[in-house]
Every structure is written in C-alpha cells, then in structure tokens.
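*Asks:* Task: produce atomic coordinates for the following.
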Amino acid sequence: MAKLKVGMIGFAHTHAEGFLRALANHPEVEIVGVADENRSYVEPFDKQYPYFESYKELLATDIEAVFICSENVRHAPLTIDAAKAKKHIFCEKPLGTSVAEMEDMVAACKENGVQLMTAFNNRYVQAVIRAKKAVESGEIGTVIAVKGTNKGALPRREWFVDPNLSGGGAMLDHSVHVMDLFNWILQSRVVEVYAESGTLFHDIPIDDSGMVHFKYENGVIGVLDTSWSRVKAFPMKRDLTLEIIGTEGTIYVDVRKLSNEIYSNLSDSAEWSDWGDNLNSLIVGDFVHSIRMGIPVPITGEDGLNSARISIAAYESSRLGRPVAL
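*Replies:* Below is the predicted model:
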C-alpha cells in the first residue's frame with residue numbers, strides 16, 4: 001500500500017511542530033508540503049519540505065489529508081475548503097469559534113465524504129484511559145461530580161490574545177481539552193453552564209482567567225479552573241488535572257505527573273522533562289491508520305464541537321451573569 005500523502009496548513013499554533021515531527025517519523029506517511037502565508041511561522045520547515053504560500057495550491061496537489069494548525073478563526077474556512085477538495089482533515093483545537101461555523105465544518109466533511117478529526121491528544125494519556133475504564137467498571141460507584149484544572153502561562157505568540165484571530169482567551173484555549181476528557185469519560189452531554197471570566201494576570205485585551213461550572217444530562221455537576229496564570233518560574237508551563245468523585249471513591253489524575261525534575265545553573269528556573277508516551281505520535285498514528293484503513297477516526301469533529309460548545313456557552317454566561325442552557 002502506498003504511503004499516505006499529507007500536507008500541513010498553518011503553523012500559527014505551536015502544536016504544529018509536534019504533529020509535523022510525528023508525521024515525519026511515521027513510516028506510512030509522505031509529507032508533500034507545508035503552507036502558511038506567514039512564512040516566519042513555518043521556519044525552518046519551509047526548507048525541509050516544499051513550501052506553498054497559498055494553501056489552495058497545496059490543496060490542488062494529490063495529497064489525501066491535511067493537518068490544520070492555523071489561528072483559531074481560520075479553522076472553519078480552511079476545513080471547509082479542504083473538505084471541498086476531498087481531503088481528510090486533522091484540525092487543531094478548538095475546532096472553531098462559534099457553534100454555527102463548527103456545524104458547517106462537520107456538515108462540509110460529511111457532504112464531501114471525508115473525515116474530520118479533532119486534536120485532543122490527552123485522550124492518549126494512560127492515566128486518563130485507566131480512569132475512564134475505572135468509571136465504566138463501577139470502581140468508584142456512581143459519579144456525582146468532577147473537578148478539573150488547566151492553568152498555563154501566557155502563550156508566546158501574539159495572535160492568542162487578539163480576539164479577531166483567537167476568538168477567545170484562556171477560557172476557550174484552556175477549557176476544551178478538559179471538557180473533552182470529561183465528555184469522553186462520562187458519556188453524557190452538558191446541559192447547563194455558568195461561568196465567570198476576567199483579565200487578572202496580564203495587560204492584554206482578552207480574558208486570561210475563568211471558572212466554568214457545568215451540569216451534565218446524567219446529573220453530574222462539575223467545575224473547571226481555566227487560566228493563563230502560571231508565572232515564568234513554574235517548571236512546566238501548563239497543568240491538566242481531573243478529579244472524578246463517585247459514591248464509592250475518587251479518582252485523581254495529574255496529566256503532567258510523568259516528568260523528571262531538572263535543576264541547572266544554565267536555566268532561569270527549575271524545569272520538568274516529560275518521560276511519558278509521545279501523545280503526538282499516538283494521535284497522529286491513529287489518524288493515519290483510520291484514513292488508510294477506511295475506518296472512522298476515534299476523535300471526531302462532533303467531539304470537537306461538543307467540547308467547544310461548552311466554552312462558547314461559558315462566554316455567554318459570563319457576559320449575561322447567569323447560567324446558560326445548552
């Protein structure tokens with residue numbers, strides 16, 4: 001079987017580098033080209049692979065799939081154009097910045113017979129997988145509540161704090177991963193959201209903090225602390241924790257626990273070095289396998305929509321000062 005021909009569109013999100021490396025190391029993948037109108041984002045990969053200033057020129061090649069890691073507001077038009085060009089799509093999170101545009105993305109892919117996968121690589125963390133199995137087997141009884149955190153440093157690239165490019169600040173950026181994990185583990189849908197957000201830690205024109213409260217259809221209640229609150233001294237620039245509270249026990253997961261502590265005079269602060277599984281390789285491998293075998297991708301566009309929908313409702317709730325029904 002011939003290799004899967006893949007292109008990369010957009011390098012604005014820093015995850016693009018990890019996904020590209022995973023593709024380059026995959027024995028069944030051929031990287032045909034990279035595209036971003038902002039060439040500085042693509043360096044140095046524009047020297048390693050054919051560079052396309054226009055993504056439409058890359059879509060006109062014989063690639064079978066594209067990875068989209070652009071600014072958030074461009075996810076929808078890029079995905080829809082790729083779907084119309086009959087390319088399968090792996091899209092960075094959040095899937096989109098409005099419910100309507102995400103529904104259009106999902107519909108375009110279905111209409112054109114291509115698959116859409118959302119980049120939720122934390123589903124591949126072994127502790128998360130084991131927590132899901134423990135919940136499903138009833139090890140902690142009936143789940144009654146969940147708590148999560150996703151606190152990070154201020155993103156390095158300026159587009160993250162530009163509402164016209166990001167579509168939202170920390171409450172969007174740092175809620176979708178955790179909400180996807182809760183959706184996946186609980187196998188229910190959020191029916192109500194109450195949130196408060198603000199700009200408390202940085203002089204930026206967008207939110208850098210938020211508390212999101214939510215209620216699931218199955219009765220589980222939850223809360224998520226999402227922010228860009230970590231200062232430079234933190235060894236790891238972000239955290240991700242889950243607490244799942246049941247009638248017979250509690251599960252606590254710290255996704256960043258798999259690390260070595262490094263103290264060096266060559267660095268400004270202590271550092272952590274991950275030694276867990278390469279999540280980018282695992283999720284990219286699943287996408288490639290699904291496309292080559294013609295089977296459904298494991299993390300769909302609908303999954304991306306269901307997670308980001310909660311974040312969008314959180315902004316509405318924060319603006320209105322009351323709970324919002326989904």
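
*Asks:* Residue 26 belongs to a strand?
*Replies:* No. Going by DSSP: H, G, I helix; E, B strand; the rest coil, the assignment for residue 26 is coil, not a strand.

*Asks:* I'd say it and residue 285 touch.
*Replies:* Yes. Counting by CB atoms under 8 Å, residue 26 does reach residue 285; the two are 6.6 Å apart. All C-beta spots, glycine's among them, are computed from the backbone N, C-alpha and C.

*Asks:* Domain map for this protein?
*Replies:* 4-119+279-299, 122-276+308-325 (automatic domain parsing).

*Asks:* Out of those, which is the most enclosed?
*Replies:* domain 4-119+279-299 (a mean of 20; mean count of other CB atoms under 10 Å).

*Asks:* ok now that one, how far from the chain's centre?
*Replies:* 13 Å (CA atoms, centre = their mean, to the nearest Å).

*Asks:* I'd like the domains of the chain written out as TSV, with mean pLDDT added.
*Replies:* As requested, the domains of the chain are arranged in TSV below (pLDDT from 0 to 100):
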stretch	mean pLDDT
domain 4-119+279-299	97
domain 122-276+308-325	91
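
*Asks:* where exactly do the helices run in the stretch 151-300 of the chain?
*Replies:* Secondary structure of the stretch 151-300 of the chain (DSSP state H, counting those that start in this stretch): helices located at 163-166, 170-173, 176-186, 279-293.

*Asks:* Residue 241: what's its closest spatial neighbour, skipping adjacent residues?
*Replies:* Distances taken as CB to CB, 6 or more residues apart in numbering put residue 149 closest to residue 241, at 4.7 Å, once the chain neighbours are dropped.

*Asks:* swap in residue 192?
*Replies:* The nearest residue in space to residue 192 (CB to CB, 6+ apart) is residue 215, at 4.3 Å.

*Asks:* Across the sheet, point out what pairs with the one you found.
*Replies:* For residue 215, the beta-bridge partners under DSSP bridges are residue 192, residue 221.

*Asks:* Could you verify my assumption that it touches residue 221?
*Replies:* Yes. Counting by CB under 8 Å, residue 215 does reach residue 221; the two are 5.3 Å apart.

*Asks:* Quick test: name the residue nearest the centre of this structure.
*Replies:* Geometric centre of the chain, nearest residue: residue 93, 3.4 Å, by CA atoms, centre = their mean.

*Asks:* what residues are up against residue 311?
*Replies:* 94, 168, 171-172, 175-176, 179, 212 (CB atoms under 8 Å, 6 or more residues apart in numbering).

*Asks:* Just send the residues you listed back as a markdown table, with distance to residue 64 too.
*Replies:* Formatted as a markdown table, the contacts of residue 311 follow (distance: CB to CB, whole Å):
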| residue | distance to residue 64 |
| --- | --- |
| 94 | 25 |
| 168 | 32 |
| 171 | 35 |
| 172 | 30 |
| 175 | 32 |
| 176 | 27 |
| 179 | 31 |
| 212 | 37 |
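
*Asks:* from the residues you listed, which is closest to residue 134?
*Replies:* residue 179 (19.7 Å; CB to CB).

*Asks:* wait, the closest one sits on residue 303?
*Replies:* No. Between residue 179 and residue 303 there is no contact under CB under 8 Å: 10.2 Å.

*Asks:* how close does the nearest residue to the residue nearest to the centre of the chain once chain neighbours are set aside sit to residue 118?
*Replies:* Counting by CB to CB, 6+ apart, residue 93 lies nearest to residue 176, which is 4.9 Å off, once chain neighbours are set aside. Distance from residue 176 to residue 118, counting by CB to CB, to the nearest Å: 9 Å.

*Asks:* Quick check: neighbours shared by these two?
*Replies:* What both residue 176 and residue 118 touch, as defined by CB under 8 Å, 6+ apart, is the set 93, 304, 307.

*Asks:* could you list every residue that touches the first one?
*Replies:* I take that to be residue 93. 118-120, 176-177, 180, 304, 307-308.

*Asks:* For those residues, work out which two are farthest apart.
*Replies:* Farthest pair in these, by CB to CB: 119 and 308, 12.1 Å.

*Asks:* so which of the helices of the stretch 151-300 of the chain gets nearest residue 111?
*Replies:* Of all the helices of the stretch 151-300 of the chain, helix 279-293 comes closest under CB to CB, at 18.0 Å.

*Asks:* Can you name every helix or strand that that closest one contacts?
*Replies:* For helix 279-293, the packing partners by 3 or more CB pairs under 8 Å, 6 or more residues apart in numbering; DSSP states H and E come out as strand 4-9, helix 15-24, strand 88-91.

*Asks:* Identify whichever of these lies nearest to residue 256.
*Replies:* helix 15-24 (15.7 Å).

*Asks:* next helix or strand past the closest one?
*Replies:* strand 29-35 (DSSP states H and E).

*Asks:* Give me the angle between that next one and helix 279-293.
*Replies:* 110 degrees (axes from the mean of the first three to the mean of the last three CA atoms, to 10 degrees).

*Asks:* Each with direction, which strands does strand 29-35 pair with?
*Replies:* When DSSP bridges is applied, strand 29-35 pairs with strand 4-9 (parallel), strand 51-52 (parallel).
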